[in-house]
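Peer 1: Structure for this input, please:
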Amino acid sequence: MDVPDPFAWLRDLGIDLARVLHGTQEIRHFTPVYAGDRLTFSSRIADVLHKKRAMLTLLVKETEVANQQGVRVAACRTTIVVRGEQANAAKPAAVN
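Peer 2: This is a model prediction of the structure:
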């Protein structure tokens, strides 16, 4: 999980990090991970929900995790809350 800037994808969407809140996070484990395993994370924006009255946008990010043999070891689902008017600028996109 060595990523130089783990929030770059939010900035790429034009989102001001000062307006971001952590909503929810769910992690499902399917098989054990051992010391020395090399994991690959593949993420995507699964949904974007605009709550105009509350001036919020909810970004749902899904991440699949596989080991060096391509075996699915985990799946993560995170909801990120973006507050304010600029929240409506968020568009679905692929995430690295």
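Peer 1: only C-alpha atoms for contact and neighbour calcs from this point on.
Peer 2: Will do.
Peer 1: Neighbours of Met55, how many?
Peer 2: 14 (other Cα atoms under 10 Å).
Peer 1: residues contacting the residue nearest to it when sequence neighbours are not counted?
Peer 2: Leaving aside its sequence neighbours, Met55 sits nearest to Gly84 (Cα to Cα, 6 or more residues apart in numbering; 5.2 Å). Applying Cα atoms under 8 Å, 6 or more residues apart in numbering to Gly84 gives the contacts 19, 55-56.
Peer 1: residues touching the residue nearest the centre of the chain, list them.
Peer 2: Of all residues in the chain, the one closest to the mean position by Cα atoms, centre = their mean is Lys61, 3.5 Å from it. Residues near Lys61 by Cα under 8 Å, 6+ apart: 43-47, 77-80.
Peer 1: Distance of it relative to Ala18?
Peer 2: Separation of Lys61 from Ala18 (Cα to Cα, to the nearest Å) stands at 19 Å.
Peer 1: Check Asn67 too.
Peer 2: Applying Cα to Cα, the value for Asn67 to Ala18 is 34 Å.
Peer 1: which one of these two has more residues nearby?
Peer 2: Per other Cα under 10 Å, whichever of Asn67 and Ala18 has more neighbours is Asn67, with 18 against 8.
Peer 1: Phi, psi for the nearest residue to the more buried one once chain neighbours are set aside please.
Peer 2: In this structure, Asn67 finds its nearest non-sequential neighbour in Leu39, 4.5 Å apart by Cα to Cα, 6+ apart. Main-chain torsions, Leu39, degrees, to the nearest 10: phi -100, psi 140.
Peer 1: Can you read off the pLDDT for Leu39?
Peer 2: You'll see Leu39 listed with a pLDDT of 96.
Peer 1: List the residues that contact it.
Peer 2: Contact analysis of Leu39 by Cα under 8 Å, 6+ apart lists 65-68.
Peer 1: Just flag the most distant two among the contacts of Lys61.
Peer 2: Spatially, the most separated pair among the contacts of Lys61 is Ser43 and Ile80, at 13.8 Å (Cα to Cα).
Peer 1: picking that back up, which residue sits closest to the residue nearest to the centre of the chain, ignoring its sequence neighbours?
Peer 2: Nearest residue to Lys61, sequence neighbours excluded (Cα to Cα, 6+ apart): Ile45, at 4.5 Å.
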